[in-house]
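Trainee: here is the input, now give the coordinates:
(2 chains)
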2 protein chains.
Amino acid sequence: MFTRKIFLIVFATLFIAAVTHAQKNIIVGTRDTVYANTLHENRQIWVHAPENNAPDGIYAQRHCPVIYVLDGDDHFKAVVAMVERLSQGGPNTMLPPVIVVGILNTDRNRDLTPTHVTAAAMMDSESVARSGGGDKFISFLEKELIPHIDSLYPTAPYRVLIGHSLGGLMTIYTLLNHTRLFNAYIAIDPSVMWDDQKLVKQAQSTLGKNNFAGRSLYLAVANNIDDGMAPAKDTTILGFIKLHTRSIMELEHALEANPKNGLRYSWKYYPEYNHGTIPLVAEYDGLRAIFSFYNYNLPFQELLQPNYKGDTAIMQHYEMVSSIMGYKVSPEEELVNVIGYNLIQSKQFDRAWYFLKMNIDNYPKSFNAYDSMGDLYEAKGDHKNAKAYYLKSLAIRETPDTRRKLERLNKAE
Amino acid sequence: MFTRKIFLIVFATLFIAAVTHAQKNIIVGTRDTVYANTLHENRQIWVHAPENNAPDGIYAQRHCPVIYVLDGDDHFKAVVAMVERLSQGGPNTMLPPVIVVGILNTDRNRDLTPTHVTAAAMMDSESVARSGGGDKFISFLEKELIPHIDSLYPTAPYRVLIGHSLGGLMTIYTLLNHTRLFNAYIAIDPSVMWDDQKLVKQAQSTLGKNNFAGRSLYLAVANNIDDGMAPAKDTTILGFIKLHTRSIMELEHALEANPKNGLRYSWKYYPEYNHGTIPLVAEYDGLRAIFSFYNYNLPFQELLQPNYKGDTAIMQHYEMVSSIMGYKVSPEEELVNVIGYNLIQSKQFDRAWYFLKMNIDNYPKSFNAYDSMGDLYEAKGDHKNAKAYYLKSLAIRETPDTRRKLERLNKAE
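Mentor: Just a heads-up that it's a prediction; the model follows:
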């Protein structure tokens, strides 16, 4: 089944999802509540799932990586906007379609601090008294939230954690102490000065010993000193800000000094953004860095030429992607289907077969993959095989379009 | 009326809007349709209006600048996410609350091209045949869309236009030829190579002659050459990309060469972003640049000390903001109200009066401004004036809280 025409326009967007005008509101996610036994409280979450990925769609439902965002209500909408843009499909695709989960706070200073302290700069004594709940919070993520999301959404076994400030502290803490819980970590101007830089010291001692194979980290460092956040006369605040940044840079040096622990690591200093303004840009850069291997700049126009010789490149690319992501990631079914139909149209039947077979192999439960192969055989005049594939398609899902084509072939005999 | 407590937490967010759990969906805007007589067609728009700005709220409804976004469905969600963050209230406020209008395309190559051409690189002949509808499109904005938005939303007379690529071309065209239609322009990697660089040539000849007083422009330039967008072997595409960037740089030089035409102008080259990835970061930087004068880093804790001497600074700041924006912009009513109550609490009555009077002057239709002044007089023991202000408040809006306070004073006599 060929669902829409494709145009390759340089400097434009491919595969823009059709706007549904039935719904008046523009919705980017839904609110949900999870009871946390670990914490004896209800937790609010915001969840975004990719559009056009329903189990009854034309293409097989895809399993998607999940991005967990700390301080959820602050960052959720921006992260959703950027993942939608970066995973738009076609040659500009930087990310696979992803699910985004924003975790809202109940007691930020309790949950996002890994250790208990008796005093902390810029924190009131009540908050300090409750500090150090990080392990319980991570236990909630591991034992309750992640299973909850996995039970409700088509998730892939690839998770990203994004945190800013104290959320960044918890992100680094999770990387060092619960390394396997997430595959990738984005820590934005993290408050690693916490508890006399305990985490920086841990990083210095364990980054060389532990194995971080298959994990990625993006670290973003803000410019808090030149950017007016500290009134110069207030030496307490200025000292705090300097220690904040120095602590992050000491962590950076420890990361840089241990390049052989398997961690895919990159970082950036942002001279034009302070602690408050950095998150949006760092989230965007962080996602692009974490998924830097993902984009496949498909040479669509060249690929349609009969003398094109690189048909296997797309599968090779996704084998590389799969090896980094740690599970099988397949080329987008719709894109491969479109390539197949374009090749049928120009009567390059063997090449069309190669791509349509790729979809059958990658998406064996897709009724459409078999229907498309049926169309190829019909175009070739091989009615016997065409009917066989239409029947396979109908065995998975009864659709009027495929049924009509099958009946037409039956009548023609 | 004092609605909530205020805490000043460095490195945290003030005034986070309460999450409404009644609504399951997370909504960032609504879809609307405007019939364009100019274009003989329906136009879809997406509109975001700030939360907590209803006419029946506790604080007076604010009139908000409007940001118009070309290629609306591509950029709307990201712009909404960033304006919500940048206008969050409190000392980190970078923007006033704004309305965002995304304009969706029907015929992009017709509407976003200012002149008709007979051939254009990377554009098919059908699109080329319809090119040059820019003036009609601007006429639709001026005569139909802007009045439509002004009729439905509490708009302030300050408008921003954001455009990327061909949208950026139209943004520059509008600045040069319909200068007064918008107050500020954000042009992102604009396609000013269009029609043999006609617009660049116009800029070179008119930027020195025309008056751009009160207008602002932010220009963002992508790195399309080093960033893998052009397969090196394809000299046609590479030539196109080079001409694209060279044209923007020639425009930049013309802007730089004419610093005395009144235009507030800034620009940035983005070595790490190409034409496709630049919009999100450029929109964010562009809004921060356009509104760079807006932030008032209120020294809240110092301000509450009895020896603080800078009470008039806040009004001076907003007078400067008003002079740049071209209409009266007042300090946030809620913030000033909170300052007033904090000063009442520490019995600094004269200073409290100064701030609460500021709200009455700035928001004369706010029932709450008079109610707060009543509370000040009651705290001072001046029941006569307290009752007079409660009555003024009740004359604007009957509220149980104010009525109760008035009756209590009446009974006490």
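Trainee: against A:Ala187, how distant is A:Arg246?
Mentor: 16 Å (Cβ to Cβ, to the nearest Å). Quick note: C-beta positions are derived from backbone N, CA and C, even for glycine.
Trainee: excluding chain neighbours, what is closest to the residue in the stretch 251-400 of chain A that chain B sits nearest to?
Mentor: Using Cβ to the nearest Cβ, the single residue of the stretch 251-400 of chain A nearest to chain B is A:Gly276, 4.9 Å away. Leaving aside its chain neighbours, A:Gly276 sits nearest to B:Asn92 (4.9 Å; criterion: Cβ to Cβ, 6 or more residues apart in numbering or on different chains).
Trainee: quick one: that neighbour is in a helix?
Mentor: No. Under DSSP: H, G, I helix; E, B strand; the rest coil, B:Asn92 falls outside any helix and is assigned coil.
Trainee: what segments of the stretch 101-250 of chain A are strands?
Mentor: A:155-164, A:184-188, A:216-222 (DSSP state E, counting those that start in this stretch).
Trainee: returning to that earlier point: tally up the residues packed near the residue nearest to A:Gly276, please.
Mentor: Residues lying near B:Asn92 (other Cβ atoms under 10 Å in any protein chain shown) number 22.
Trainee: that one and A:Asn274 touch, don't they?
Mentor: No. If you go by Cβ atoms under 8 Å, B:Asn92 and A:Asn274 don't touch, sitting 9.3 Å apart.
Trainee: which of the strands of the stretch 101-250 of chain A sits most buried?
Mentor: Of the strands of the stretch 101-250 of chain A, the one with the most neighbours on average (mean count of other Cβ atoms under 10 Å in any protein chain shown) is strand A:184-188, at a mean of 28.
Trainee: residues making contact with that strand?
Mentor: With Cβ atoms under 8 Å, 6 or more residues apart in numbering or on different chains as the test, strand A:184-188 has contacts from A:158-165, A:167-168, A:171-172, A:174-175, A:215-220, A:222, A:278-279, A:282-283, A:286-287, A:290.
Trainee: how does chain A divide into domains?
Mentor: What automatic domain parsing lists as the domains of chain A is A:30-290, A:300-412.
Trainee: out of those domains, which one sits most buried?
Mentor: Mean neighbour count (mean count of other Cβ under 10 Å) peaks for domain A:30-290 among the domains of chain A, with a mean of 19.
Trainee: how far off centre is that one?
Mentor: Centroid displacement of domain A:30-290 relative to its chain, using Cα atoms, centre = their mean, to the nearest Å, is 13 Å.
Trainee: could you list the contact residues of the stretch 251-400 of chain A toward chain B?
Mentor: Residues of the stretch 251-400 of chain A lying near chain B by Cβ under 8 Å from any Cβ of the partner chain: A:Glu272, A:His275, A:Gly276, A:Thr277, A:Pro279, A:Leu280, A:Val281, A:Tyr284, A:Asp285, A:Arg288, A:Asn297, A:Pro299.
Trainee: turn those residues into TSV, columns for secondary structure.
Mentor: Putting those into TSV (three-state DSSP) gives the following:
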residue	secondary structure
A:Glu272	coil
A:His275	coil
A:Gly276	coil
A:Thr277	coil
A:Pro279	helix
A:Leu280	helix
A:Val281	helix
A:Tyr284	helix
A:Asp285	helix
A:Arg288	helix
A:Asn297	coil
A:Pro299	coil
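Trainee: same for the lengthiest helix in chain A, what does it pack against?
Mentor: Longest helix of chain A, by residue count under DSSP state H: helix A:235-256. Using 3 or more Cβ pairs under 8 Å, 6 or more residues apart in numbering or on different chains; DSSP states H and E, the elements in contact with helix A:235-256 are helix A:194-206, strand A:216-222, strand A:264-270.
Trainee: which among these is found nearest to B:Val28?
Mentor: Of all the helices and strands packed on helix A:235-256, the one in closest proximity to B:Val28, counting by Cβ to Cβ, is strand A:216-222 (24.7 Å).
Trainee: low-confidence ranges, the stretch 51-200 of chain A, go.
Mentor: Along the stretch 51-200 of chain A, the parts satisfying pLDDT under 70 run over A:90-91.
Trainee: distance check, the closest residue to A:Tyr269 other than its chain neighbours against chain B.
Mentor: Once flanking residues are discounted, A:Tyr269 sits nearest to A:Val221: 4.7 Å by Cβ to Cβ, 6+ apart. A:Val221 sits 15 Å away from chain B, going by Cβ to the nearest Cβ, to the nearest Å.
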